[in-house]
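Student: pasting the sequence and the predicted model now:
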Amino acid sequence: MSVLAPKIPSTPMANPRLQTHKDELSLKNLSDDVVVGHIYSKHRDDDTVKIDVNNYISFLQSIFAYVDQIHEASFQGHDGRVIYSEDSYKANVTIDPPLDILQKISIKLAFKGPGIENAHQTTLEILDILTSYPWEAKAILCLVAFGSDYGHLWHLNHHSHFDSLAKTLANIHQSASLKKHLDSFKYRQVVFSSRSLIFLCLQVIKLMNQIRLFSKFDTKEIPELASALRQIPLFTYWVIHTIVASTAEISSYLTNTESQSQIYLNELNERLNAILNILGDYLNIFQEQLGEINLFRWLIDHIDLFPTEITLVVSKLLEGKVNAKPLINCSTLMEEKIEDALSEKNVILLISGLEISNDDIQALNLLYDELKREDNYKIVWIPMINSQGFDQESRKRYELVRSTMKWYAVQYTTKIAGLRFLEEIWQVREDALMVVLDSKSKVKFSNAIHLLRVWGNNAIPFTVERANALLRKNWPESTIVKFINQPRLQSWIDQGRSIIFYGGKDQDWIQGFEEKVVDIKNDRSMRESGINFEIVRIGNNNDNNNASFMSRFWITQWGFFVVKSQLTGSSASETTEDILRLISYENENGWAILTVGSAPLLVGRGNLILRVFEDFNRWKKNLNLKGFPNAFQDYFNEMALETHQCERVTLPGFSGWIPMIVNCPECPRFMETGINFNCCHGRNPNS
């Protein structure tokens with residue numbers, strides 16, 4: 001059963017001809033979109049008058065329980081001899097109903113003729129009476145009106161055996177006629193069984209009320225809630241429609257008139273059961289999502305805020321319960337309980353997809369070997385696999401990746417219960433995330449993968465204090481020197497020589513740059529003044545090995561920028577400007593970095609760097625006064641002002657916090673941010 005968007009009928013359905021012959025009775029003539037259109041033409045979800053729906057449900061259950069006892073006594077030939085237990089009296093529920101409303105509903109319900117058309121019109125009239133009530137309140141009030149009248153009939157029948165007044169009233173209301181139909185299939189289908197129409201109506205109301213209780217949650221937390229709430233008006237209509245039809249059936253017994261079509265009653269039964277299935281499915285989803293909400297809040301409370309044993313946090317994060325499945329020790333391929341593997345240890349959670357890079361795994365294997373010496377840290381790989389993607393191909397990939405690891409891994413089929421926490425709080429994206437926690441679940445570093453990529457094992461123990469100490473070094477020493485195999489480089493750095501590191505995608509630019517440098521080094525004024533500088537190339541050629549090499553180089557630059565931004569903020573600083581400027585040149589034909597020793601002086605785009613060298617005759621007169629690095633820098637800055645060009649930087653899909661406000665490395669303004677939406681139409685984006 002589905003509900004279409006509400007449609008307002010173009011012509012009023014004042015007297016719809018839903019049937020032309022008794023054999024043609026069918027609810028197919030009354031489609032959901034027609035019903036919803038009529039409902040929304042007059043009604044909205046109004047809660048002007050509120051009632052305690054749960055209390056009314058309990059009241060009805062007590063009425064039906066008493067009536068069932070009277071039924072049972074009638075079957076056994078004990079009319080008028082029902083003995084109520086003390087529990088029955090204790091369970092008695094009192095309500096303070098709107099008597100005028102119930103009376104109006106009772107009048108509408110009374111002695112209606114059979115058929116869909118009569119039931120439809122009466123349902124709309126009852127809805128008009130209940131305009132100011134919420135939808136589930138409309139349904140329960142209608143059922144209370146029915147239950148009161150129905151209970152009154154059986155109460156008169158029961159007391160008529162020993163009370164003269166009750167006997168007189170029972171004769172007037174013909175309540176004894178009901179007993180004649182107790183064995184009939186229709187009677188049981190309407191009211192006298194646990195799956196009767198009236199009892200199904202009560203179950204629908206219960207579930208609708210339970211769904212309404214979820215409305216206190218944000219629809220972002222329970223996405224399907226809005227869809228469920230949109231269908232409540234339609235379900236309310238069918239509950240009231242069924243109550244009207246059931247009342248008409250009972251009236252036919254009292255008046256000995258034409259009863260409802262069996263097809264009609266069967267279709268109502270099917271409709272209510274379908275509604276119960278829909279509501280049940282929604283509630284199952286909501287309960288699951290409520291579990292996720294509660295887990296999300298628990299993780300927020302117990303990670304960092306309250307000291308909590310790391311084994312409990314990891315278990316709850318993985319499966320939302322204390323006893324999660326054992327981890328796999330990738331070194332021994334044996335399963336180990338989380339309590340045995342991680343108790344009282346610092347834990348490094350490696351969270352990634354199945355496409356984690358070999359470079360990261362190699363770095364982690366080196367880290368594992370180092371940490372194993374003192375055995376204070378344990379590494380756990382949490383593979384992020386869509387539960388719908390648990391296929392043979394993914395399993396093979398999982399097994400392959402796991403075979404390259406030495407540490408612990410979460411089992412393949414584990415559906416990560418704390419996924420929302422990982423995505424919203426730790427901000428897991430495409431890239432791997434490495435979170436370091438102590439034995440009481442306090443986060444020591446939330447995005448340590450960048451520490452590992454930039455500084456390797458030197459980043460141990462992955463704390464903010466250690467990261468700040470590493471950041472005090474000049475950034476070329478951390479991000480550039482490690483990529484250079486030049487035996488004399490460290491000696492040049494120690495001597496404080498001027499060094500130009502350079503690279504780029506265009507071999508012609510690189511060749512032109514190197515030829516120009518040779519000319520300047522051989523210039524007479526340079527030789528006579530004894531001034532010299534060194535050049536060091538990053539990368540060698542355009543083969544695949546160099547592409548992999550340069551990929552690691554740029555990832556390292558990004559890692560330094562992210563760590564620096566995390567610890568010092570995203571506002572402009574000399575270091576973040578320089579390295580962000582370098583990052584913006586990743587796809588440029590050429591670029592260069594001028595340092596004195598390891599201290600950077602400038603980072604420039606290739607065409608501007610080459611122009612400075614081409615204009616050497618204009619600034620070489622300043623060499624003796626300023627020295628090479630300062631003379632070069634002054635002329636570079638002069639040219640940069642004339643050819644100002646702001647940069648464009650695209651942040652990759654790094655996991656963890658990344659700066660959302662970044663200063664342009666070329667000017668003091670904030671860089672614009674935007675959002676890109678990409679669709680691969682079901683294809684692998686990497687293919």
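Tutor: Arrived safely, thanks for sending. What you are looking at is a predicted structure, and each value in this text was computed from that prediction instead of being measured.
Student: and stretch 293-310, end to end?
Tutor: Using CA to CA, to the nearest Å, one end of stretch 293-310 lies 21 Å from the other.
Student: buried set for that stretch?
Tutor: Ile293, Leu295, Phe296, Trp298, Leu299, His302, Ile303, Asp304, Thr308, Glu309, Ile310 (16 or more other CB atoms under 10 Å). C-beta here means a position set from N, CA and C on the backbone, and glycine is covered the same way.
Student: which of these sits closest to Asp494?
Tutor: Asp304 (42.6 Å; CB to CB).
Student: quick check: that closest one touching Lys442?
Tutor: Yes - if you go by CB atoms under 8 Å, Asp304 and Lys442 touch, sitting 5.5 Å apart.
Student: okay, now Glu224: neighbour count?
Tutor: 14 (other CB atoms under 10 Å).
Student: what about the strands in this protein?
Tutor: Counting by DSSP state E, one finds strands in the chain at the ranges 327-329, 334-336, 346-352, 377-383, 408-409, 433-437, 443-445, 498-503, 534-537, 591-596, 599-605.
Student: residue ranges of each domain in the protein, please.
Tutor: 34-78+91-292, 310-459, 473-671 (the TED database).
Student: reformat those as CSV; add distance to Arg466.
Tutor: Converted to CSV, these look like this (distance: least, CB to CB, whole Å):
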stretch, distance to Arg466
domain 34-78+91-292, 35
domain 310-459, 6
domain 473-671, 11
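Student: of all those domains, which lies closest to Lys28?
Tutor: Of all the domains of the chain, it is domain 34-78+91-292 that lies closest to Lys28, at 8.2 Å by CB to CB.
Student: would you mark the buried spots in stretch 418-431?
Tutor: So stretch 418-431, judged by 16+ other CB under 10 Å, has buried residues Gly418, Leu419, Arg420, Phe421, Leu422, Ile425, Trp426, Val428, Asp431.
Student: pLDDT below threshold where in the chain?
Tutor: Counting by pLDDT under 70, the chain contains low-confidence residues at 1-26, 44-47, 68-92, 152-185, 387-389, 541-545, 569-575, 643-687.
Student: what's the longest helix in it?
Tutor: For the chain, the longest helix by residue count, based on DSSP state H, is helix 262-300.
Student: and that one, what other elements does it pack with?
Tutor: The elements that helix 262-300 packs onto, with contact taken as 3 or more CB pairs under 8 Å, 6 or more residues apart in numbering; DSSP states H and E, are helix 185-190, helix 197-213, helix 225-255, helix 310-319, helix 419-424.
Student: can I get those helices in TSV with distance to Glu528?
Tutor: Formatted as TSV, the helices and strands packed on helix 262-300 follow (distance: least, CB to CB, whole Å):
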stretch	distance to Glu528
helix 185-190	113
helix 197-213	89
helix 225-255	81
helix 310-319	67
helix 419-424	64
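Student: nearest to Val36, of those helices?
Tutor: Here helix 225-255 is closest among the helices and strands packed on helix 262-300 (CB to CB), at 5.5 Å.
Student: tell me how far the closest one is from the chain's mean position?
Tutor: 36 Å (CA atoms, centre = their mean, to the nearest Å).
Student: quick one, that helix and helix 262-300 angle?
Tutor: 150 degrees (axes from the mean of the first three to the mean of the last three CA atoms, to 10 degrees).
Student: check which residues of helix 225-255 are buried.
Tutor: Residues 225, 228-229, 231-254 are the ones in helix 225-255 that count as buried (16+ other CB under 10 Å).
Student: then stretch 436-443?
Tutor: Buried positions in stretch 436-443, judged by neighbour count with 16+ other CB under 10 Å: Val436, Leu437, Asp438, Ser439, Lys440, Ser441, Lys442, Val443.
Student: center of the chain - which residue?
Tutor: Residue closest to the average C-alpha location in the chain (CA atoms, centre = their mean): Arg420, at 5.2 Å.
Student: residue contacts, that residue?
Tutor: Glu292, Phe296 (CB atoms under 8 Å, 6 or more residues apart in numbering).
Student: that one and Asp304, how far apart?
Tutor: Distance, Arg420 to Asp304, using CB to CB, to the nearest Å: 17 Å.
Student: wait, which of the buried residues of stretch 436-443 is closest to Ile140?
Tutor: Nearest member of the buried residues of stretch 436-443 to Ile140, counting by CB to CB, is Ser441, at 46.2 Å.
Student: which ones are touching the nearest residue to the closest one once chain neighbours are set aside?
Tutor: Of all residues not flanking Ser441 in the chain, Val313 sits nearest, at 4.3 Å (CB to CB, 6 or more residues apart in numbering). By CB under 8 Å, 6+ apart, the contact set of Val313 is Leu299, His302, Ile303, Leu437, Ser441.
Student: what are the phi and psi values at Tyr412?
Tutor: Here the main-chain torsion angles of Tyr412 (degrees, to the nearest 10) amount to phi -60, psi -40.
Student: wait, what's in contact with it?
Tutor: Counting by CB under 8 Å, 6+ apart, Tyr412 has contacts Pro383, Ile385, Phe390, Ser394, Arg395, Tyr398, Glu399.
Student: put the buried members of these into a PyMOL selection.
Tutor: Applying 16+ other CB under 10 Å to the contacts of Tyr412 leaves a buried subset, and the PyMOL line that selects it is:
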select buried, resi 383+385+398
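Student: JSON lines please, covering the contacts of Tyr412 and showing distance to Glu117.
Tutor: Formatted as JSON lines, these follow (distance: CB to CB, whole Å):
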{"residue": "Pro383", "distance to Glu117": "60"}
{"residue": "Ile385", "distance to Glu117": "55"}
{"residue": "Phe390", "distance to Glu117": "52"}
{"residue": "Ser394", "distance to Glu117": "56"}
{"residue": "Arg395", "distance to Glu117": "59"}
{"residue": "Tyr398", "distance to Glu117": "61"}
{"residue": "Glu399", "distance to Glu117": "65"}
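Student: returning to that earlier point: and of the helices and strands packed on helix 262-300, who's closest to Phe632?
Tutor: Nearest to Phe632, of the helices and strands packed on helix 262-300 and by CB to CB, is helix 419-424 at 47.3 Å.
Student: export the closest one as PDB, just CAs?
Tutor: Taking Å, rounded to 0.1, in the frame of the first residue of the first chain, the C-alpha atoms of helix 419-424 are listed here in PDB:
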ATOM      1  CA  LEU A 419      28.900   4.400  11.400                       C
ATOM      2  CA  ARG A 420      27.100   7.600  12.100                       C
ATOM      3  CA  PHE A 421      29.700   8.500  14.700                       C
ATOM      4  CA  LEU A 422      32.500   7.700  12.400                       C
ATOM      5  CA  GLU A 423      31.100   9.900   9.600                       C
ATOM      6  CA  GLU A 424      29.800  12.800  11.600                       C
END
